[in-house]
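Engineer: only geometry, no sequence info:
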């Protein structure tokens, strides 16, 4: 939805637990009076996989977890822009990862929690960015939604019924 490409790595720790790190980056721009979408940041998550699928194949099935995130952004879709040098947050997540190939999964996830930080409101006027005010963000609610293609790397070949 946010059109922000990202890449990450998730390590299976055993017994259904995993630790993941993700980075995102987008630097769109268009100028005749706006459209910026500069954003980058990262996230660390700790997950527990459970259910039948998680026993057949690592990093598959239902999962719940905790995550922490940090992000910077510059959104200016019209006459007013908002710029944050650092926003931070964290929360709880739920997801489901479904196998779609021998070594590929499709993972769906959603998370809710807190996002906070300072941001500046500005207006692009005569090829300059005019600062208007500085505000604080304290948001409680949805802070994460993702659909990910997961490539399972390792020396095991996964088949229906588990590793062979």
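Structural biologist: Right, received. Where do you want to start? It should be emphasised that the depicted structure is a prediction, and the values quoted were computed from it without experimental measurement. Numbering: from 1, shown residues only.
Engineer: residue 151 and residue 103 touch, don't they?
Structural biologist: Yes. Counting by C-beta atoms under 8 Å, residue 103 is a contact partner of residue 151 at 6.2 Å. Just so you know, the C-beta spots here come from the backbone N, C-alpha and C atoms, and that holds for glycine as well.
Engineer: okay, the two: which has more neighbours?
Structural biologist: residue 103 (15 against 8; other C-beta atoms under 10 Å).
Engineer: surely the more buried one is in contact with residue 152?
Structural biologist: Yes. Using C-beta under 8 Å, residue 103 makes contact with residue 152 at a distance of 4.6 Å.
Engineer: residues contacting residue 48?
Structural biologist: 16-17, 63-65 (C-beta atoms under 8 Å, 6 or more residues apart in numbering).
Engineer: of all those residues, which comes closest to residue 4?
Structural biologist: residue 65 (20.3 Å; C-beta to C-beta).
Engineer: ok, and the closest non-adjacent residue to that closest one?
Structural biologist: residue 47 (3.6 Å; C-beta to C-beta, 6 or more residues apart in numbering).
Engineer: having no further points to raise, I will conclude here.
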